[in-house]
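sequence first, predicted model second:
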Amino acid sequence: MEGNNNTFEISMTHVYLLLGSNENDRFKNLERACELIALKCGKALKQSALYETEAWGLKEQNAFLNQAIVIESSLPPLELLTQLKAIEKEIGRTETVKWGPRVIDIDILFYGNEIVETEELTIPHPFLHQRKFTLEPLNEIEPRFVHPVMQKTVRVLLKECSDTSLVKKLN
């Protein structure tokens with residue numbers, strides 16, 4: 001049928017997430033997070049290897065497993081944040097001290113090239129350029145992605161990062 005204007009175009013955005021866990025079965029927590037994200041937020045396009053990393057901010061805790069993933073999502077940023085918080089809760093996250101131990105943590109690093117600054121959410125993630133545990137897995141899957149505020153690639157941000165924390169890629 002020609003000229004049908006009743007079709008809706010759904011806008012899809014590439015969203016870059018970082019998953020982290022340092023409590024209970026860390027591998028299972030990340031795997032479950034990926035499953036729920038695919039189910040509720042958008043199709044996974046890429047995912048990094050797993051990285052074992054020293055805790056950042058609050059050092060006296062178990063090592064984290066971290067993984068970066070790229071999804072394709074139609075959810076607007078705040079709605080995506082709400083879904084991700086619900087997924088964290090479903091997996092067993094409870095609120096603790098800032099940068100403390102957690103069953104699962106899901107951070108939005110980038111939402112396409114958008115810049116979001118609200119009380120609830122800041123995108124790009126405000127600390128990503130300072131965190132080797134974020135930049136290493138992100139560099140593995142998207143080294144040429146340009147930070148929309150800093151106008152530098154992930155690869156350059158990693159090279160310039162002064163964080164000396166141990167970040168070990170797992171096989």
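The structure has been received and is ready for your questions.

so where does Gln61 fall, helix or strand?
Under the criterion DSSP states H and E, no helix or strand holds Gln61.

that one: how many residues sit nearby?
By other C-beta atoms under 10 Å, the residues close to Gln61 number 17. (C-beta placed from N, C-alpha, C; glycine too.)

how much space separates it from Leu17?
Going from Gln61 to Leu17 by C-beta to C-beta, to the nearest Å gives 22 Å.

now the phi/psi pair for Ile37, please.
Ile37 adopts backbone torsions of phi -60, psi -40, taken as degrees, to the nearest 10.

again with Thr82
The phi/psi pair for Thr82 (degrees, to the nearest 10) is phi -60, psi -50.

helices of this structure, start to end?
26-40, 77-91, 132-141, 154-160 (DSSP state H).

how about those, which one is nearest Tyr111?
With C-beta to C-beta, the closest approach to Tyr111 among these belongs to helix 77-91: 5.1 Å.

for that closest one, name the packing helices and strands.
helix 26-40, strand 105-111 (3 or more C-beta pairs under 8 Å, 6 or more residues apart in numbering; DSSP states H and E).

reformat those as a markdown table; add mean neighbour count.
Listed next are these as a markdown table, based on neighbours: other C-beta atoms under 10 Å:
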| stretch | mean neighbour count |
| --- | --- |
| helix 26-40 | 17 |
| strand 105-111 | 22 |
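
turn the helices of the chain into a markdown table, including distance to Lys168 and mean pLDDT.
Converted to a markdown table, those look like this (distance: least, C-beta to C-beta, whole Å; pLDDT from 0 to 100):
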| stretch | distance to Lys168 | mean pLDDT |
| --- | --- | --- |
| helix 26-40 | 13 | 98 |
| helix 77-91 | 24 | 97 |
| helix 132-141 | 9 | 97 |
| helix 154-160 | 15 | 98 |
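
can I get these in a markdown table including distance to Glu120?
Below are these laid out as a markdown table (distance: least, C-beta to C-beta, whole Å):
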| stretch | distance to Glu120 |
| --- | --- |
| helix 26-40 | 18 |
| helix 77-91 | 6 |
| helix 132-141 | 20 |
| helix 154-160 | 24 |
